[in-house]
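have a look at this prediction, sequence included:
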Amino acid sequence: MKFKKKIDVLLFIEHIDRELELAEEIKSALNDNGFSCKILSSIYHNLLAILNYDAKIVITPSTSFGKGSISWCYENSTLNSPKFINLNYEQFISSWKGKYKSPKHEVSKNKQIHYCWGESFKQFLKSSGIPEANIKITGRPYFQLLSEKYKTKNFRSDIASIAGIDPTKKWFFIGLTDGLAFVNEQKIKYIIEQGGDEVGLRTHIKNVKKTIEHTLSWITNYENNTDYIFILRPHPSISVNHYKELIFNLIGYLPRNIIITKISTAQKWIVSCDKFLTNYSTLTLDASALKIP
């Protein structure tokens, strides 16, 4: 019979490019303080974790207490359930979300510790039924990472070499919160069933699509300017092909001065570009912290 390995902390991430680097910093800090830690995927490693690790603490990027989620599995499949921590990576709550992003499961409400960036988000969690004692204001940990690893640095030559982009050109990096532009009707109905506001959601989807359309239209004005390159990096949940298909549907062709890529990380692009363009992404905070216009 195989015995599970005892470990202090299992740290789950959803999106590699949004969460892995910060997770590695957290793991390093835990190791320095004598705690063992393993980083796993909340999408691919749930069964692996349950079969192989007896954890004292399970950390997730969100509430993650839906049926079949890693927290649900540990709560229902182990003799001694671990402590649960929610890092709450998604801190901006739009009006259309209603109760969609609020914790709904009793275990999440009563047992999980919820980290948040500030007082307004704390109030949102309290209104969702989370006891104040289970909410910890931490600020935004990514700011420390940016300050220590990115500020005053530039990855332009490395990125240019990998992506095949001329480093002497003007780089305009585009990082949008764009996932809603690609949702299907089934996903829309699911969000509404989970507490999302239907009118606000459908209006928001139209606005996001319009944002992308206006951005692309604006880029085409500079197609003859060979000094400008526009680099669009899709949201972690959206593929390059998704974007190409959307662009063809919107304007009928792919502008020659735009590059759609998943190469590198959004933060490295931001600190290496001349200008940064976005809509309401939290990358705005990163660019502001890094003094990138």
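Right, received. Where do you want to start?

going forward, measure contacts between C-alpha atoms and count neighbours the same way
Will do.

which stretches in this protein count as strands?
Listed in chain order, the strands found in the chain under DSSP state E are 5-13, 37-41, 53-60, 83-86, 112-116, 135-137, 170-174, 228-232, 258-260, 275-277.

same question for the longest one, mean pLDDT?
By that I understand strand 5-13. Mean pLDDT, strand 5-13: 96.

what's it in contact with?
Strand 5-13 has contacts (C-alpha atoms under 8 Å, 6 or more residues apart in numbering) with 19-20, 23, 35-42, 52-61.

let me know the pLDDT of the nearest residue to Phe276 once chain neighbours are set aside.
Excluding the flanking residues, the one nearest Phe276 by C-alpha to C-alpha, 6 or more residues apart in numbering is Phe173, at 4.9 Å. Predicted confidence (pLDDT) for Phe173: 97.

isn't Phe173 right up against Cys273?
Yes. Taking contacts as C-alpha atoms under 8 Å, Phe173 lies within contact range of Cys273: 6.1 Å.

hmm, back to that, Provide the count of other residues in contact range of the residue nearest to Phe276.
Close neighbours of Phe173, defined as other C-alpha atoms under 10 Å, add up to 24.

repeat for Ile16
If you count neighbours by other C-alpha under 10 Å, Ile16 ends up with 13.

next one: the one 10 residues further on
Ile26 has 16 neighbours, counted by other C-alpha under 10 Å.

show me where pLDDT drops low in the stretch 51-200 of the chain?
Applying pLDDT under 70 to the stretch 51-200 of the chain flags residues 91-93, 95.

chain center to the lengthiest helix in the chain, what's the gap?
When the chain is parsed with DSSP state H, its longest helix is helix 198-220. Centroid separation for helix 198-220 versus its chain: 20 Å, with C-alpha atoms, centre = their mean, to the nearest Å.

could you number the chain from 58 rather than 1 from now on?
Okay, using 58 as the starting number, the last item reads as helix 255-277.

just the buried residues of that helix, please?
When neighbours are counted by 16 or more other C-alpha atoms under 10 Å, the buried residues of helix 255-277 are found to be 255, 258, 261-262, 265-266, 268-270, 273, 276-277.

and the contacts of that helix?
Contacts of helix 255-277 from elsewhere in the structure, counted by C-alpha under 8 Å, 6+ apart, are 152-154, 235, 237-238, 245, 249, 287, 304, 307-308, 312, 314-315, 336.

ok, stretch 178-191 next?
Contacts to stretch 178-191, defined as C-alpha under 8 Å, 6+ apart, come from residues 148, 156, 159-161, 166-171, 173, 192-194.

most neighbours among those, which one?
The most crowded member of the contacts of stretch 178-191, judged by other C-alpha under 10 Å, is His171 (27 neighbours).

which residues touch it?
Residues near His171 by C-alpha under 8 Å, 6+ apart: 142-145, 191-193.

nothing else from me, thank you.
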